[in-house]
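Peer 1: Predicted coordinates and the sequence they were generated for:
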Amino acid sequence: MSMRPKNHPFNQRLRALAASLALPLALASAAMLGVAPAAHAQKRVAPDASPDDLFLALRQAAASDNAALAQDLASRLSGYELASYVDYYRLKPRVRDYSASEQEIRDFLARWDGQAIVDRLRNDWLLALGKTGNWTVFDEQYLLFVLNDDTQVKCFALNSRALKGANVAEEARALLTNPKDYGQGCSDLIATLAQNGQFSDADVWFQIRQAAENGNATVARRAAVLVDNGDVSVTRVMERPALMLAKGPGRGAANHQLYIIALGRIARSNPSQAATYLSDAARTLSPQEVAQGWAQIALSASYKLAPEASEYWRKAKDAPLTQDAMQWKVRMALRDGDWKTVRKTIEAMPAPLRSDTTWVYWLGRALKAEGQNEAARRLFESIAPNFSFYGQLAQEELGQQITIPPGPTPPGAGEVALYSQNAGFKRSLKFYQLNLRFEAIREWNWELRNMNDRQLLAAAEYARQNDVLDRMVNTSDRTRSEFDFTQRFPAPHLPEMNAATRPLGMENAWVYGLIRQESRFIKSARSHVGASGLMQLMPATARFVAKKIGMTEFTADQVNDINTNLLLGTSYLDMVLNNLEGSEILATAGYNAGPGRPRSWRATLPRPVEGAIFAEIIPFNETRGYVKNVMSNATYYAAMFENRPQSLKQRLGTVAPNANVATDLP
């Protein structure tokens with residue numbers, strides 16, 4: 001493959017920018033691709049602030065990249081129990097602004113070797129090394145990056161290899177599937193592969209369309225400088241697609257690609273209007289471009305569960321699809337009972353996506369519908385041991401019911417006591433005390449990496465003893481051959497739960513299944529949108545329910561009280577259930593997304609569908625996963641509480657296309 005010539009427009013623009021700003025080429029590339037400098041923020045800290053308050057202020061200073069304030073606060077925290085984090089927050093802003101010396105960073109890595117925070121700083125350093133093009137040190141440190149869970153860093157690693165002559169195109173295509181995670185690292189990788197000929201213009205335009213599908217104008221703009229980008233900028237097309245559509249496709253492949261992107265943008269609000277534009281312009285586009293246009297429209301129509309979505313997918317034929325588009329093509333085929341399209345589309349998925357339990361199950365169902373029972377059985381058997389929504393459904397396809405596996409011998413007191421001396425767990429518990437769950441979870445999970453089942457069960461029991469039930473659940477969930485469902489599916493506060501559910505005639509299993517998903521039993525849990533407590537009640541919802549049930553003395557600070565939270569949460573769940581005709585699956589969706597949404601989603605159905613299909617076609621990613629997890633959890637809780645086999649399929653039931661009247665529930 002040929003390299004892009006030195007006089008290629010991208011290279012000319014890059015060299016000109018580097019010269020005008022007196023920057024190294026790598027930093028000029030960052031500037032050209034739209035990487036903005038971090039903003040600084042300063043906040044006064046009281047002279048008599050407690051060590052914990054100083055530490056929280058230090059953490060905020062580091063998050064704001066305020067190196068001077070971080071240094072000052074760190075100097076006031078000598079001897080603090082989270083010393084490695086004091087050191088990290090002092091150094092982090094200087095790593096990010098490239099002012100920390102290599103020796104300072106290496107000293108930190110050596111000083112705290114073995115701790116989770118070392119891997120965190122190495123992650124930060126790798127990003128800085130990649131952005132400045134220091135590939136010698138990057139390659140050395142990348143081999144030591146334990147978690148390797150940062151997409152940008154993975155992109156930089158591929159970029160380093162590509163710059164040394166390795167062909168990484170296929171690995172890059174497999175990695176570059178979610179533009180929201182790209183950052184400069186992945187934009188640089190696309191630029192390198194475009195420049196050295198490993199990515200064709202078609203590859204680059206695929207990345208631009210994918211970014212446009214995700215609404216990420218920054219990624220689209222960065223990629224657009226690598227190709228002939230037509231008469232109008234990608235950003236302008238994304239912001240004002242109607243102008244491009246009114247103008248028509250024009251001439252040239254670049255203008256045609258911009259037109260296709262404009263179709264997708266207009267289809268977000270009006271798929272039928274976009275379809276009209278494409279029908280009118282089809283004669284000036286190639287058959288492949290027409291198919292790409294229909295795929296863009298079909299995806300937006302699928303997000304809306306529009307009746308025409310399936311017809312748009314048929315018109316898209318075999319257009320190259322993003323992973324999101326592939327999944328939505330399957331979902332619309334499931335809605336219609338089109339098992340042939342389900343099978344064909346799943347079989348065309350890249351292997352990592354195709355191996356997801358979701359698509360293994362639905363491929364099995366498609367094969368079964370076509371009479372390929374043995375092939376279907378093998379797929380169901382491959383995921384049936386998985387304790388999850390689709391693992392349970394696969395069990396039922398094999399003629400089994402959902403039961404609780406025999407429990408292991410409980411860990412002894414000595415096994416559990418070992419973990420009271422674990423420094424990582426101590427740090428985790430301190431972070432929980434500070435209500436810093438992200439850091440708490442990172443520290444806890446770091447210690448679990450190489451544990452066997454007995455150790456995991458003991459660590460889970462240690463979490464129970466310290467009342468961090470979310471860590472108990474997640475730790476026990478990692479076991480591979482010994483399964484303690486009292487740890488995986490705990491039922492704390494049972495007397496308070498009974499007091500809330502019995503007057504309503506509500507099933508405890510369902511409520512516990514919901515709480516396990518909502519808060520993981522952290523009593524003080526608070527979401528990013530302000531939901532609180534075990535049942536994650538929004539303030540307005542709590543006030544509404546309190547008024548409805550006659551709690552005249554309710555105040556907002558009561559929402560984390562266990563009795564109050566359970567009373568209000570179960571009362572609201574009961575209201576949603578009654579409003580949605582007693583359907584648990586609809587009420588579960590309504591509890592998460594608001595009761596009006598599942599009503600509108602079911603109204604789009606062309607026919608009654610099994611509950612599993614309804615769950616799969618929910619257009620909100622969060623709600624889709626939430627509903628599956630809650631219903632799966634509830635099935636296991638019911639098996640535990642009732643001590644008898646259960647059916648997830650029966651719990652899910654059937655959802656019919658019935659449009660109910662509107663509700664006044666929040």
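Peer 2: Received, thanks.
Peer 1: how many other residues sit next to the spatially closest residue to W135 that is not a sequence neighbour?
Peer 2: Spatial nearest neighbour of W135, excluding adjacent residues (Cβ to Cβ, 6 or more residues apart in numbering): S160 at 4.6 Å. Yep, even glycine has a C-beta here, placed from its N, CA and C like the rest. Here the number of neighbours of S160 (other Cβ atoms under 10 Å) works out to 22.
Peer 1: Just the C-alphas of the helix or strand encompassing S160, formatted as CSV.
Peer 2: Using DSSP states H and E, S160 sits in helix 151-163. C-alpha atoms of helix 151-163 as CSV (Å, rounded to 0.1, in the frame of the first residue of the first chain):
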residue,chain,number,x,y,z
THR,A,151,-9.6,2.7,24.3
GLN,A,152,-7.4,5.8,23.7
VAL,A,153,-4.3,4.0,25.0
LYS,A,154,-5.1,1.0,22.9
CYS,A,155,-5.3,3.3,19.9
PHE,A,156,-2.0,4.9,20.7
ALA,A,157,-0.5,1.4,21.0
LEU,A,158,-1.7,0.5,17.5
ASN,A,159,-0.5,3.8,16.2
SER,A,160,3.0,3.1,17.6
ARG,A,161,3.1,-0.2,15.8
ALA,A,162,1.8,1.3,12.6
LEU,A,163,4.4,4.0,12.6
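Peer 1: residue contacts, the residue nearest to W135?
Peer 2: G130, W135, F138, D139, Y142 (Cβ atoms under 8 Å, 6 or more residues apart in numbering).
Peer 1: can you count the residues close to the third one?
Peer 2: Burial measure for F138: 23 neighbouring residues, criterion other Cβ under 10 Å.
Peer 1: if I look at it, how far off is D150?
Peer 2: Distance from F138 to D150, counting by Cβ to Cβ, to the nearest Å: 13 Å.
Peer 1: just how off-centre is the helix or strand that the helix holding S160 is followed by within its chain?
Peer 2: Proceeding N to C from helix 151-163, the next assigned helix or strand is helix 169-175, under DSSP H and E. Centroid separation between helix 169-175 and its chain, computed with Cα atoms, centre = their mean, to the nearest Å, is 20 Å.
Peer 1: mind listing what's buried in helix 169-175?
Peer 2: Counting neighbours by 16 or more other Cβ atoms under 10 Å, one finds that the buried residues in helix 169-175 are A169, E171, A172, R173, L175.
Peer 1: go on, stretch 143-151?
Peer 2: Across stretch 143-151, burial judged by 16+ other Cβ under 10 Å covers F145, D150, T151.
Peer 1: for the protein, which spans come out with low pLDDT?
Peer 2: 1-43, 659-663 (pLDDT under 70).
Peer 1: What's the first helix or strand after the longest helix that it contains?
Peer 2: Scanning the chain for the longest helix, with DSSP state H as the assignment, gives helix 621-642. Next along the chain after helix 621-642, taking DSSP H and E as the criterion, comes helix 648-652.
Peer 1: what packs against the next helix or strand after that following helix?
Peer 2: Remark: after helix 648-652, the chain's next helix or strand is strand 654-655, criterion DSSP H and E. When contacts are defined as 3 or more Cβ pairs under 8 Å, 6 or more residues apart in numbering; DSSP states H and E, strand 654-655 sits against strand 609-610, helix 611-616.
Peer 1: A211: which of the ones you listed is closest?
Peer 2: helix 611-616 (25.6 Å; Cβ to Cβ).
Peer 1: Give me every residue in contact with that closest one, excluding its own residues.
Peer 2: Contacts for helix 611-616 (Cβ under 8 Å, 6+ apart): 331, 334-335, 358, 362, 389, 393, 585, 601-602, 605, 624, 627-628, 631, 649, 651-655.
Peer 1: of those, buried ones?
Peer 2: The neighbour count (16+ other Cβ under 10 Å) marks 331, 334-335, 358, 362, 389, 393, 585, 601-602, 605, 624, 627-628, 631, 649, 651-653, 655 as buried among these.
Peer 1: centre of the chain versus the helix or strand that contains G590, how much separation?
Peer 2: G590 is located in helix 584-593, with elements delineated by DSSP H and E. How far helix 584-593 lies from its chain's middle: 20 Å, per Cα atoms, centre = their mean.
Peer 1: name the helices or strands packed onto it?
Peer 2: helix 508-518, helix 562-579, helix 596-603, helix 611-616, helix 621-642, helix 648-652.
Peer 1: Spatially nearest residue to K368, not counting backbone neighbours?
Peer 2: Spatially, and ignoring its direct neighbours in sequence, K368 is nearest to A376 (3.9 Å; Cβ to Cβ, 6+ apart).
Peer 1: ok, now which ones touch that neighbour?
Peer 2: G364, R365, L367, K368, E397.
Peer 1: mind giving me JSON lines with those residues and columns for distance to Y419, neighbour count and secondary structure?
Peer 2: Output for the contacts of A376, formatted as JSON lines (distance: Cβ to Cβ, whole Å; neighbours: other Cβ atoms under 10 Å; DSSP: H, G, I helix; E, B strand; the rest coil):
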{"residue": "G364", "distance to Y419": "41", "neighbour count": "28", "secondary structure": "helix"}
{"residue": "R365", "distance to Y419": "43", "neighbour count": "23", "secondary structure": "helix"}
{"residue": "L367", "distance to Y419": "46", "neighbour count": "23", "secondary structure": "helix"}
{"residue": "K368", "distance to Y419": "46", "neighbour count": "18", "secondary structure": "helix"}
{"residue": "E397", "distance to Y419": "40", "neighbour count": "20", "secondary structure": "helix"}
